[in-house]
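K.L.:
quick one, what's the 3D model for this:
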Amino acid sequence: MAIIGLKDMQSSENVTGPIAARPIALSPLMVLVTVGVVYGDIGTSPMYVMKAIVNGNGGLPSITENTIVGALSLIIWTLTLITTVKYVIIALRADNNNEGGIFALYSLVRRFGRPLIIFAVVGGAALLADGILTPAVTVTTAIEGLRTVSFANTLLGEGQKTILLITVIIIALLFLVQRSGTSNIGRAFGPIMVIWFLFLGCTGVMAICTAPEVLRALNPVYGIMFLLSPQNHAGFMILGSVFLATTGAEALYSDMGHVGKANIHASWPFVKICLIANYLGQGAWLLMHSGDTALSLINDMNPFFEMLPPSLRPFSVILSTLAAIIASQALISGSFTLVSEAMRLDLMPHMKVSYPSKTKGQIFIPLVNFIMGLCCVGVVLFFQSSSRMEAAYGLAITLTMLMTTMLMSVYLRKTSGHSVGAVIFCILFGSIELSFFLSSLTKFTHGGYVTIIIASILALVMVVWLRGTSIEHAQSDFFPMSRFVEQFHDIRDDTSLPVFADNLVFIANNPRVDLLERDILFSILDGRSKRAQAYWFVNISVTDEPYTHTYSIESFGTEYVFKVQLDLGFKIDQFVGVYLHQIIGDLIRSGELPPQTRRYSVFKHHDEVGDIKFCLLRKYLAPESSISQSDRLIMSTKYAIRRICGSPIKWYGLEPSDVAIEYVPLFGPEREVIRLRRTLEWVESQTRFPRQQS
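P.N.:
Modelled structure (predicted):
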């Protein structure tokens, strides 16, 4: 059985094994792209973090110097420990062929224990929930900045109706443009975000000059003292607000494959300096205005906008709105990638995936886009204001970070061999993130339950799909191929049967070359007998490497029965129709398959490959199956989800192909069927009405 490389869709080169993605080299252009792609989420945090801390401590009148310096110290050292140490220094080393993110990390460690799937499911679900909440929080906060512009505040009037309308319109347009791709506008993301971070840094430094004593926050002792101080009116809960400063750290790890770790390492110091400068600037402004009665009367007073000169505020609102849109775009695109990887790892149902632009890695999943857009608008309308959304916001990402820490600890211990380092890593970051999670959980009744509901639904879908697939595999029966090769030969040469197709293709579910599913055999032999020139049984295996694209062939000594093993990385598209056409052409040219030239064609030069017909088998739950009630509920739920998510024709990119779908029952231990008994009444009637002889 030979292993042959599939042709890359972007290249004509053949390969002979798994393909590792080349690391993206360090360059000024890619550093610019990195600033635009990676840091949108964490870069918009200054718009709401200090506001949340001030409001959580009783508002401006209750703020003291110790409160400001202590809170800033907590923010600075949270950014340092979580973002810099955990993600930039440690997590970026755990790459799966230069790809990052929780599913890539899970692929690296899943061989060390099946229970690890729990961390991937919970973390992935929470990260997707974060993708719904981020656009709602950031865009709403930016538009609320109009309240600090006098003429705009007059136009907005009382209440939040106009702000909500503007926010919903922006979010709706953001999700609508996903269908056509964002590669053109995406080129401007880098320069805009560079301007944004320079704006953050410069305005922060200007404010620091008015109260340089705020620089004491660089000392972590002040943060610890404030956390335990009676002046901390929010108590332990303040950590939930502090954590908002590092919400984009997980996205930083997930985007490693798009920009390369070298460019993240080069750009992060610039981003971090600008962020810290702005936080310190807001703190300096608060020190100078803590006794301002007029400011204390402002509802949801936001120091980010208020510290700016009035003439600069209109520009800041426009720039912050652009930054919020870029941050939202990054999370939406990241959610598409996350769902796509989950589908290939068999953690979520297959869905239609399209590619709206030529940009590498840019995908669009219509169903995910629709659900995310609907939920995002729903979050905005439900919470009404950014301050209420903040209660739900941090909870999702703390959960994801905790799950990443668990998986990373396994990676460090099992793969890197750093057992002691793994224990230290797990205890240090696990305790920090658990503290943040418990703090965020205290806001459960104030909106945190929304996050839990969204993440729970997504996790339930993953669990149902995973368990349902396991049940299907457990109920599958397989037979040796060698027992049926002769029957395939006979049915192929049986001229009394009409030709069903030149090439009849089934998607198999067993990587063993010598076995074939009972359902496929039944479809070919026992159902409507299907005559073809060649029978193809294709098994698709998703590898732990992201860019593998190879296949292997077993012909069983024939020229009409072929078992094909497709090994595709979890980032490779499953265009089965395109791949099989290439494979058939390869075998015809090598002489392993007789020519299949068509007699009739609209083209001058006929295709050397005959017609290809795919027969897709879909299972349904048979009433006579005696599986347990819990498994029956799982399977019913899975099939309901499958109906919502579309046809396997779209899953495998078979829209241009000739496809037949057959439904087969989910076999299992059958219930005992009652034996019917013939009644005497009908027997006696035969004497009264004798059968007429012909």
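K.L.:
beyond the helix ranked longest in the chain, next helix or strand please.
P.N.:
Assignment by DSSP state H gives helix 313-344 as the longest helix of the chain. Next in sequence after helix 313-344, counting helices and strands by DSSP states H and E, comes helix 366-383.
K.L.:
return the set of buried residues in that following helix.
P.N.:
Burial within helix 366-383, assessed by neighbour count using 16 or more other CB atoms under 10 Å, is assigned to 368, 369, 371, 372, 373, 375, 376, 377, 379, 380, 383. From N, CA and C alone the C-beta is placed, and that goes for glycine too.
K.L.:
stretch 459-473 too?
P.N.:
Here stretch 459-473 shows 459, 461, 462, 463, 464, 465, 466, 467, 468, 471, 472 as buried, counting by 16+ other CB under 10 Å.
K.L.:
and what of stretch 472-484?
P.N.:
472, 475, 476, 478, 481, 484.
K.L.:
what do you get for stretch 538-545?
P.N.:
538, 539, 540, 542, 543, 544, 545.
K.L.:
could you do stretch 113-123 as well?
P.N.:
116, 117, 119, 120, 121, 122, 123.
K.L.:
got it, and stretch 549-559?
P.N.:
Of all the residues in stretch 549-559, those buried under the rule 16+ other CB under 10 Å are 549, 550, 551, 552, 553, 554, 555, 556, 558.
K.L.:
please save the CA atoms from whichever strand or helix holds residue 222 in CSV.
P.N.:
Taking DSSP H and E as the criterion, residue 222 maps to helix 220-227. The C-alpha trace of helix 220-227 is given here as CSV (Å, rounded to 0.1, in the frame of the first residue of the first chain):
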residue,chain,number,x,y,z
PRO,A,220,3.2,44.7,42.9
VAL,A,221,3.2,45.2,46.7
TYR,A,222,0.6,48.0,46.3
GLY,A,223,-1.7,45.6,44.4
ILE,A,224,-1.6,42.9,47.1
MET,A,225,-2.0,45.5,49.9
PHE,A,226,-5.1,47.0,48.2
LEU,A,227,-6.7,43.6,47.5
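K.L.:
next structured bit after it?
P.N.:
Sequence-wise, the next helix or strand downstream of helix 220-227 (DSSP H and E) is helix 238-242.
K.L.:
any chance you could list what contacts that next one?
P.N.:
Under the contact criterion CB atoms under 8 Å, 6 or more residues apart in numbering, helix 238-242 has outside partners 49, 52-53, 56-57, 71, 74-75, 78, 227, 232, 234, 390-391, 394-395, 435-436, 439-440, 442-443.
K.L.:
ok, back up a step: helix 366-383 and the longest helix of the chain, what's the angle between them?
P.N.:
130 degrees (axes from the mean of the first three to the mean of the last three CA atoms, to 10 degrees).
K.L.:
now helix 313-344, how far from the centre of its chain.
P.N.:
The chain centre lies 14 Å from the centre of helix 313-344; the measure is CA atoms, centre = their mean, to the nearest Å.
K.L.:
now do that helix, average pLDDT.
P.N.:
Taken as a whole, helix 313-344 has a mean pLDDT of 87.
K.L.:
same question for stretch 280-287.
P.N.:
93.
K.L.:
contacting residues around it?
P.N.:
46, 50, 54, 60, 63, 65, 68-69, 71-72, 203-215, 217, 303-304, 306-307.
K.L.:
tell me which residues in it are buried?
P.N.:
Using 16+ other CB under 10 Å as the test for burial, stretch 280-287 gives 280, 281, 282, 283, 284, 285, 286, 287.
K.L.:
tell me which of the buried residues of stretch 538-545 is nearest to residue 609?
P.N.:
Relative to residue 609, the closest of these is residue 538; by CB to CB it sits at 15.1 Å.
K.L.:
roughly how far apart are that closest one and residue 142?
P.N.:
49 Å (CB to CB, to the nearest Å).
K.L.:
returning to what we had before: and the helix holding residue 222, what does it pack onto?
P.N.:
Secondary-structure packing of helix 220-227 (3 or more CB pairs under 8 Å, 6 or more residues apart in numbering; DSSP states H and E): helix 65-78.
K.L.:
how big is the angle separating the helix it packs on from helix 220-227?
P.N.:
120 degrees.
K.L.:
residues in contact with the helix or strand just after helix 65-78?
P.N.:
Next along the chain after helix 65-78, taking DSSP H and E as the criterion, comes helix 102-109. Outside helix 102-109, the residues that touch it by CB under 8 Å, 6+ apart are 94-96, 116-117, 119-120, 123-124, 127, 250, 254, 257, 338, 341-342, 345, 347, 400, 403-404, 407-408, 410-411, 414-415, 544, 546, 570.
K.L.:
same check, this time on stretch 299-314
P.N.:
46-48, 50-51, 54-55, 59-60, 141, 144-145, 147-150, 152, 203, 207, 278, 281-282, 285-286, 289, 295, 298, 316-317, 385-387.
K.L.:
centre of the chain to the helix holding residue 222, how far?
P.N.:
Centre-to-centre, helix 220-227 and its host chain are 37 Å apart (CA atoms, centre = their mean).
K.L.:
what lies in contact with that helix?
P.N.:
For helix 220-227, the surrounding residues in contact (CB under 8 Å, 6+ apart) are 66-67, 69-74, 76-77, 216-217, 232, 236, 238-239.
K.L.:
which of these are buried?
P.N.:
Buried by 16+ other CB under 10 Å: 67, 69-74, 76-77, 216-217, 232, 238-239, out of the contacts of helix 220-227.
K.L.:
and the two most separated of these?
P.N.:
Spanning the widest gap among the buried ones among the contacts of helix 220-227 are 216 and 239, at 20.3 Å by CB to CB.
K.L.:
what's the end-to-end length of stretch 152-162?
P.N.:
One end of stretch 152-162 sits 11 Å from the other (CA to CA, to the nearest Å).
K.L.:
actually stretch 295-310, not the one I wrote
P.N.:
Stretch 295-310 has an end-to-end distance of 14 Å (CA to CA).
K.L.:
in it, what counts as buried?
P.N.:
For stretch 295-310, by 16+ other CB under 10 Å, it's 295, 300, 301, 302, 303, 304, 305, 306, 307, 308.
K.L.:
need the max-distance pair from these.
P.N.:
Going by CB to CB, the pair spanning the buried residues of stretch 295-310 furthest: 300 and 308, at 16.5 Å.
K.L.:
quick check: buried residues in stretch 98-113?
P.N.:
Buried residues in stretch 98-113 (16+ other CB under 10 Å): 98-110.
K.L.:
residue 145 against residue 318, yeah?
P.N.:
No: contact criterion CB atoms under 8 Å: residue 145 and residue 318 do not qualify, at 9.3 Å.
K.L.:
quick one: which of those two has more around it?
P.N.:
The neighbour count for residue 145 versus residue 318, taken as other CB atoms under 10 Å, is higher for residue 145 (26 against 12).
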